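**Q** below are the sequence and a predicted model; questions follow.
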Amino acid sequence: MRIDVVSIFPEYLAPLGLSLIGKARQDGLLELNVHDLRTFTTDKHRTVDDTPYGGGAGMVMKPEPWAQALESIASGACAEAGSPEAEGSSAGPTTKPVLIVPSPAGERFTQALAYELAEEDRLVFACGRYEGIDERVMEWAAGHFTVRPVSLGDYVLNGGEVAVLAMVEAIGRLLPGVVGNPESLVEESHSDGLLEYPVYTKPSAWRDRDVPAVLLSGNHGKIAQWRRHEQFRRTAERRPDLLAGFDAGRLTRADRTAF
Ligand code: 6GU
């Protein structure tokens with residue numbers, strides 16, 4: 001997968017060189033390019049924002065630098081040295097790259113959307129700041145990209161950069177080969193519509209607290225049943241909204257007899 005990120009604070013994306021995602025880039029599983037929006041300005045002050053038409057607080061990001069940046073990225077320029085795009089490989093892309101615009105006004109980013117985006121060849125993230133990007137950029141960009149405004153949740157960040165860190169990590173870890181043991185992707189929160197069960201390790205007794213006895217029993221059927229029960233108990237307590245939307249078709253045969 002190739003990912004391009006455009007931001008006026010490229011340094012904000014530095015953590016994408018670390019840990020699992022940094023390793024995936026080193027291993028060639030993920031190509032990630034971060035671009036400074038200001039390099040696509042043409043005026044002396046490298047202006048990226050202006051006052052909003054219609055009045056109101058704050059500033060709006062100007063359309064011209066965004067169009068320059070996105071045009072250059074869509075055309076395959078701005079690719080990493082050594083990548084097929086940088087070498088001018090002949091076979092062009094068959095589908096439009098997805099342009100993700102982080103915004104509290106977007107659709108919700110979920111594990112299901114992470115899986116969907118992990119199937120794409122190319123993702124581009126446009127990090128807005130201030131009150132957002134001139135709306136005409138998203139309209140124009142629809143000619144070159146599949147445009148998706150996406151929100152992490154119902155709260156407001158100062159810009160898209162922190163949201164991009166979260167989304168790239170959530171998507172990147174689903175790419176083949178990035179997580180060493182793919183089994184670990186199966187039994188985690190949200191993979192089956194429920195929260196994850198609690199986990200324990202040695203010592204079995206710690207500060208007057210014992211690990212639940214069933215986990216030491218060696219009875220794998222009982223352990224699976226206990227874990228499933230804990231998933232439902234936790235989800236009901238912390239995220240009743242998830243249970244309300246839980247699809248009965250996701251109940252296992254064991255669930256139907258046990259609960
Ligand atoms: Cl994706 N971006 C911004 N700027 N604020 C947010 C968000 C995204 N998700 C929640 N708040």
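**A** Arrived safely, thanks for sending.
**Q** helix or strand: which one has the nearest residue to G172 once chain neighbours are set aside?
**A** Nearest-residue entry for G172: I21, 4.7 Å, with adjacent residues in sequence omitted and distances by Cβ to Cβ, 6 or more residues apart in numbering. The C-beta positions use only the backbone N, C-alpha and C, and glycine is treated the same way. I21 is part of helix 19-26, with elements assigned from DSSP states H and E.
**Q** hmm, who's touching that helix?
**A** Here helix 19-26 makes contact (Cβ atoms under 8 Å, 6 or more residues apart in numbering) with 16-17, 30-32, 168-169, 172-173, 175, 177-179.
**Q** and the residue nearest to P97 when sequence neighbours are not counted, what pLDDT?
**A** Closest residue to P97 in three dimensions, ignoring its sequence neighbours and counting by Cβ to Cβ, 6+ apart: R122, at 3.6 Å. At R122, the pLDDT value in this model is 98.
**Q** which ones are touching R122?
**A** M1, R2, I3, D4, P93, P97, V98.
**Q** show the contacting residues for the first one.
**A** If I follow you right, that is M1. L29, L30, E31, A118, E120, D121, R122, L123, I171, G172, L175.
**Q** do the same with the last one
**A** Under the criterion of Cβ under 8 Å, 6+ apart, the neighbours of V98 are L117, E120, R122, L123, V124, F145, T146, R148.
**Q** of these, closest to the ligand?
**A** Distance to the ligand, by Cβ to the nearest ligand atom, is smallest for R148 among those, at 10.9 Å.
**Q** tell me which element the closest one falls in.
**A** Element membership for R148, per DSSP H and E: strand 146-151.
**Q** avg pLDDT for the helix or strand following that strand?
**A** Scanning forward in sequence from strand 146-151 by DSSP H and E, the next helix or strand is helix 161-172. Helix 161-172 comes out with an average pLDDT of 98.
**Q** and helix 161-172 with the ligand, contact?
**A** Yes - against the ligand, helix 161-172 shows contacts by Cβ under 6 Å from any ligand atom at A163.
**Q** that helix to helix 19-26, inter-axis angle?
**A** Calculated by axes from the mean of the first three to the mean of the last three Cα atoms, to 10 degrees, helix 161-172 forms an angle of 70 degrees with helix 19-26.
**Q** elements contacting helix 161-172?
**A** Helices and strands touching helix 161-172, as assessed by 3 or more Cβ pairs under 8 Å, 6 or more residues apart in numbering; DSSP states H and E, comprise strand 2-7, helix 19-26, strand 98-108, helix 111-117, strand 122-126, strand 146-151.
**Q** residues in contact with A67?
**A** By Cβ under 8 Å, 6+ apart, the contact list for A67 reads V137, W140.
**Q** which non-adjacent residue is nearest the most centrally placed residue in the chain?
**A** Residue closest to the average C-alpha location in the chain (Cα atoms, centre = their mean): M167, at 1.6 Å. If the residues on either side of it in the chain are set aside, M167 comes closest to F109, at 6.0 Å by Cβ to Cβ, 6+ apart.
**Q** that older thread, of the contacts of R122, which pair is most distant in space?
**A** Greatest spacing in the contacts of R122, by Cβ to Cβ: I3 and P93 (14.3 Å).
**Q** who has more neighbours out of the two?
**A** I3 (25 against 12; other Cβ atoms under 10 Å).
**Q** spell out which parts of this protein neighbour the ligand.
**A** 102-104, 150-153, 155-157, 159-160, 163.
**Q** one more time with 8 Å
**A** Contact residues, the chain versus the ligand (Cβ under 8 Å from any ligand atom): 102-104, 106, 109, 128, 150-160, 162-164, 167.
**Q** distance of the residue lying farthest from the centre of the chain from L215?
**A** Taking Cα atoms, centre = their mean, the residue of the chain most remote from its mean C-alpha position is D208, at 39.8 Å. For D208, the distance to L215 equals 18 Å [Cβ to Cβ, to the nearest Å].
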